[in-house]
Structures are given as C-alpha cells and as structure tokens.
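Below are the sequence and a predicted model for it; my questions follow.
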Amino acid sequence: MPELPEVETTRLGLLPRVVGRSIRDVVVREPRLRWPVPRDLATRLRGTRVSAIRRRGKYLLFDCGTGHLLVHLGMSGNLTVVPPDRPVRRHDHVDLALDSGDIVRLNDPRRFGAVLWVRDPAHHALLDGLGVEPFEEAFDGEYLHRASRGRRAPVKQFLMDSRVVTGIGNIYANEALFAARILPSRAAGRIALGRFERLAREIRVTLERALAAGGSTLRDFVGSDGAPGHFQLEYAVYGRQGEPCPACGRPVSASRHAGRSTFHCASCQR
DNA sequence: AGAACCACCTGGCAGC
DNA sequence: TGCTGCCAGGTGGTTC
C-alpha cells in the first residue's frame, strides 16, 4: 500500500489532531507485527506529549518526550483518528488514546508494518542507511546519475532501493519511469545524465500529483480521516496492461522484474 | 558491492 | 459453493 504519498497523506491528516496532545494510554492488541511491538511501549509513551510528527522515507516518527514512536505501514497498514466509542475491528492492532479523547488506531491486516520505540533516530538501524528524500535539494539528476554508475540492475529496481532514494515503491516507480519515457528494464548504470535529470523531475511531479489526490487506494489505503485516495484514477500505466497508453494509444505491456509487476509502453519508453 | 531470492502475513480474486 | 493457487502498495536478511 503505502508509498511516500500515502504516508505523507497520513502524516498531514494526523498533525492537527495529534500534535500538542498527550498520550493518555496505549493499547496493544496484537504485538506480532514485522517486529514485536515493545512490551514497555505503553510505559514509555503514557503521559508524554507529541511535539511533532515527521516522515523519513516511508517511516513516521512521533516525537514524544525522551524518544520517538516509529511507525511503518508496511503493505496494508492504516493510521486513523477515531472517536473513543468506535468499535474495534479485525486487525486493529494498536491504539494510542489521546487526552483529547481521540484514538490514533493502527489497522494492518498483513502485519508487515512496525511500531517501535526509537531513542535516537540519527543512529537507528532502520533509518540511518536511508537515501535522500525525493523533495530534498540533494535529490536531482546528477545525484541519480552518480549513484547509479556501475549498477547493472534495472533502473526500476534502482529507484525502489531505499538506500538510494526513499519513498518510491512499485506504483510510483512505474509511473515516474513512464513520465520520463525510460524503459523500466534499462540498466541503471547505462542511463545518461540528461535522462536522469528528467527522471528526477518526473519523480517529484508524480509524487506531488499523488499527494494532491490523497494518495492511491487500490484495496485498503485510507488517510487518517478514513477517506481513500484517488490517484489510482490517474495511473498512466500501473495495472493497465492491454489498455491504451495515454500518450500514443498502443497497449500497455506488463512484465515482472525482481518479483514485482512492471508496466510500460514499449513505444514511448526507451 | 551488487544482485537474486526468501521470508514475513492476510485477503481477494480467478479458475476449476 | 467451495477449494486451490496466485497476486498485492515493503523491506530486512541470507546467499552467491
């Protein structure tokens, strides 16, 4: 589910309801997420005030007193703000009860998500190997060009490598490569600077458009207010095999790379 | 160092 | 209708 636009949509929705609030209680119904939810999470969080919610790649960091609550939504996670009387549903694994009465609730059917306590985000194994943010100044065609030299893997895999650039998953890699007219299977190390400059621009444009649409909802993503995104209606190629390419009208091709579905227009992308 | 593959989970859907 | 197999937005770990 969630790539950068979905995680950011979640973050922006949480901000007004959560920042400045104190955590009154924590309920962990199912600790078996990607890693076990720490047993002492409630002890750590109870009584602390959330001073900020930040995003690093696809991770959310709630700044709380002496440390940080780290949340990853995995493939199927949602964080929503619900009223205290909202009935608990299947896969509602973790609740943060706020002093406002609101509950921040994590629902994650596949349990690939994570809820962890992080003392020092600058020196945390999950965070310190991450590459640049797509909206940072350091992210540009020159950066991609430099980072890709010597890489023979397909450029699509290169874009999805979080040590290179964070936040781009399978959907937005496919869409940005179409927008930049680059073949997903092309070896990353064999792409010229000029094409990477266009790609860097198209990545930003694609992510911004998705963010403006509240992200993509294929099955189960909802923002913090429970509303789905609608960027899936604007896909040029993702999931559209056999349908006409929006640029040239020829059918969109489907293939697989590194176990992930890949979509491209054989006529527009080189 | 880089790349290929597996693992972790549930649920929805196509096909029989 | 039910069963089986396959697929899905991620990513750390292992192996070559």
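In hand now; what should we look at? Numbers count the residues shown, from 1 in each chain, chains lettered A, B, ... in the order given.

Work out which residue lies at the spatial centre of chain A.
Chain A has residue A:3 as the residue nearest its centroid, 2.4 Å off, counting by Cα atoms, centre = their mean.

Output the set of residues of chain A in proximity to DNA strand B.
For chain A, the residues in contact with DNA strand B (Cβ under 7 Å from any atom of the strand) are A:32, A:34, A:76, A:90-91, A:109-112, A:150-153, A:157-158, A:188-189, A:219, A:258-259. C-betas here are computed from N, CA, C, even on glycine.

Drop anything exposed from those.
Under a neighbour-count criterion of 16 or more other Cβ atoms under 10 Å, the subset of the residues of chain A next to DNA strand B counted as buried comprises A:34, A:76, A:91, A:109, A:111, A:151, A:157-158, A:188.

Distance from the chain centre to the top helix by length along chain A, please.
Here the longest helix in chain A is taken by residue count, with DSSP state H as the criterion, and it is helix A:193-212. Chain-centre distance of helix A:193-212: 16 Å, with Cα atoms, centre = their mean, to the nearest Å.

Can you spell out which residues form a bridge with residue A:260?
Taking DSSP bridges, one obtains residue A:257 as the residues bridged to residue A:260.

Name all residues that make contact with it.
Counting by Cβ atoms under 8 Å, 6 or more residues apart in numbering, residue A:260 touches A:156, A:160, A:170.

Contacts only, for residue A:140.
If you count contacts by Cβ under 8 Å, 6+ apart, residue A:140 has them with A:197, A:200.

can we see that at 6 Å?
Under the criterion of Cβ atoms under 6 Å, 6 or more residues apart in numbering, the contact list for residue A:140 reads residue A:200.

Can you give me the pLDDT of residue A:1?
At residue A:1, the predicted lDDT confidence score is 57.

Double-check residue A:258 against residue A:159; I have them as touching.
No. Between residue A:258 and residue A:159 there is no contact under Cβ atoms under 6 Å: 11.7 Å.

okay, and the common contacts of these two?
Overlap of the contact sets of residue A:258 and residue A:159 (by Cβ under 6 Å, 6+ apart) is empty.

so how far is residue A:143 from the residue of chain A at minimum distance from DNA strand C?
Distances from chain A to DNA strand C, computed as Cβ to the nearest atom of the strand, single out residue A:169 as the nearest residue at 1.8 Å. Summarising the geometry, the distance separating residue A:169 from residue A:143, computed by Cβ to Cβ, to the nearest Å, is 19 Å.

Let's see the helix-or-strand element of chain A with minimal mean pLDDT as CSV, backbone CA atoms only.
Evaluated with mean pLDDT, DSSP states H and E, the helix-and-strand set of chain A has its lowest mean pLDDT in strand A:253-257, which scores a mean of 91. Only the C-alpha atoms of strand A:253-257 are listed here, as CSV (Å, rounded to 0.1, in the frame of the first residue of the first chain):
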residue,chain,number,x,y,z
SER,A,253,2.8,-4.0,-21.6
ALA,A,254,3.2,-6.0,-18.4
SER,A,255,6.2,-7.9,-17.2
ARG,A,256,8.0,-8.9,-14.0
HIS,A,257,11.2,-7.7,-12.6
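
Pull out the buried residues from that strand.
Within strand A:253-257, the residues scored as buried using 16+ other Cβ under 10 Å are A:253, A:257.

likewise stretch A:83-98?
Judged by neighbour count (16+ other Cβ under 10 Å), stretch A:83-98 contains these buried residues: A:91-98.

Residue numbers of the stretch 151-270 of chain A in contact with DNA strand C?
Applying Cβ under 7 Å from any atom of the strand, one finds that the stretch 151-270 of chain A approaches DNA strand C through A:160, A:162, A:169-171, A:215-221, A:229, A:260-261.

Leaving out chain neighbours, which residue sits closest to the residue nearest to the centre of chain A?
Among residues not flanking residue A:3 along the chain, residue A:169 sits closest, at 3.8 Å (Cβ to Cβ, 6 or more residues apart in numbering).
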